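S.K.: Here's a sequence, model it:
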Amino acid sequence: MVTFYRRLPKFDYIKPKNVHEVLDLLSKNNGDVKVYAGGTDVIPKIKSRLIHTPKVLVDLKGIPEWDYIQYDQKEGLRIGALATISSVAHSAHVREKFGILSQAARSIASTQVQNRGTIVGNICNAVPSADSAPALLCLEAKLSCVSSGGERVIDIEDFFAGPNQTALNPDELVKEIRIQNMPPQSKGVYIKLSPRSRMDLAVVGVGVLVAQDKGVFQDVKIALGAVAPTPMRAKRAEDVLKGEKVLSETLVRAADTASKESEPIDDHRASAEYRRMMVEVLVKRAVFNSLSN
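M.R.: As a prediction, the model looks like this:
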């Protein structure tokens, strides 16, 4: 039997006009529904038979009220499910108040993908190398999720359940990302290591958020991508720095700790050993750059 991998398999396509239609479809189709916003990951995977072909493919682009980026001095940042990667990368509020997320968004794929894909889609795809994930982990983002049964909020740290797996129920959608204001005097940096910069998946991704005062680390967040089954916080490395003076030997020890916390694998893009080495290098670089900004 010949399989034509360049052809999309058969499925029903629906573009609802409101959220209620989407939630109704999800609740009535026994999980055999795939929802997408940009489609930059889902469509190629369906075409290549890398994921199960759904009975119904639901396009969220018909719900314009979910396309927003809003900022409030008290409540912080809210990013709707249909806000594109490009709009997040170039938002004045994101660049000024949450620079680490703007950096991460700018590192994702091509301009065409950034104009079509969404930040919410990037994390719902749940690949370990998702560029937005380390930044969102450092920012301790929360996800507002809706279903026909109501709404619940999931911490980003609890959202990733495994490679290509999330904590979402089959009838549930991420409505928006919520991010509180960064602590005073905080600086964040995201560094992506890949063969062709943003055009390739990250071999290693490192996000760092640092708050220091009078030469002492007040608060530190370190997040890693592409070096474990899910994007992760390097909490032992964070503890090495918190409350300590800004000294090179302390930074070296924290970077070594982060490397040991990672759980990389060997694959066609890099060996586990190389990834561990680069975690150490990039954590040092990211913390140093955060302090220098």
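S.K.: phi, psi of the closest residue to residue 42 other than its chain neighbours?
M.R.: Nearest residue to residue 42, sequence neighbours excluded (Cβ to Cβ, 6 or more residues apart in numbering): residue 36, at 4.3 Å. Using the backbone N, CA and C atoms, a C-beta is placed for each residue, glycine as well. Backbone torsions of residue 36, given as degrees, to the nearest 10, read phi -140, psi 160.
S.K.: Run through the residues that contact residue 36.
M.R.: Each residue near residue 36 by Cβ atoms under 8 Å, 6 or more residues apart in numbering is listed here: 42-43, 57-60, 121.
S.K.: make it 7 Å
M.R.: 42, 57, 59-60, 121 (Cβ atoms under 7 Å, 6 or more residues apart in numbering).
S.K.: ditto for residue 59
M.R.: 13, 15, 36.
S.K.: can you tell me which of the contacts of residue 36 are in strands?
M.R.: By the criterion of DSSP state E, membership of these in strands covers 57, 59.
S.K.: any idea how this structure splits into domains?
M.R.: 12-59, 67-179, 186-292 (automatic domain parsing).
S.K.: now the contacts of residue 59 as CSV including distance to residue 109?
M.R.: Converted to CSV, these look like this (distance: Cβ to Cβ, whole Å):
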residue, distance to residue 109
13, 24
15, 24
36, 16
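S.K.: Nearest to residue 224 among those residues?
M.R.: Nearest to residue 224 among these: residue 36, at 26.9 Å, using Cβ to Cβ.
S.K.: Which strand residues bridge the closest one?
M.R.: residue 59 (DSSP bridges).
S.K.: returning to what we had before: what would the domains of the chain look like in JSON lines with mean pLDDT?
M.R.: What follows is the domains of the chain, written out as JSON lines (pLDDT from 0 to 100):
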{"stretch": "domain 12-59", "mean pLDDT": "90"}
{"stretch": "domain 67-179", "mean pLDDT": "96"}
{"stretch": "domain 186-292", "mean pLDDT": "95"}
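S.K.: can you put the ones you listed in CSV and add distance to residue 6?
M.R.: Below are these laid out as CSV (distance: least, Cβ to Cβ, whole Å):
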stretch, distance to residue 6
domain 12-59, 7
domain 67-179, 19
domain 186-292, 22
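S.K.: Skip the chain neighbours and tell me the closest residue to the spatially most central residue of the chain.
M.R.: With distances taken as Cα atoms, centre = their mean, residue 133 lies nearest the centre of the chain, 2.5 Å away. Excluding its sequence neighbours, the residue lying closest to residue 133 (Cβ to Cβ, 6+ apart) is residue 231, at 3.6 Å.
S.K.: thinking the one you found is in contact with residue 161, fair?
M.R.: No. Look at residue 231 against residue 161 with Cβ atoms under 7 Å: they stay out of range, at 11.6 Å.
S.K.: Contact partners for residue 227?
M.R.: Residue 227 is in contact with 204, 262-264, 275, 279, counting by Cβ under 7 Å, 6+ apart.
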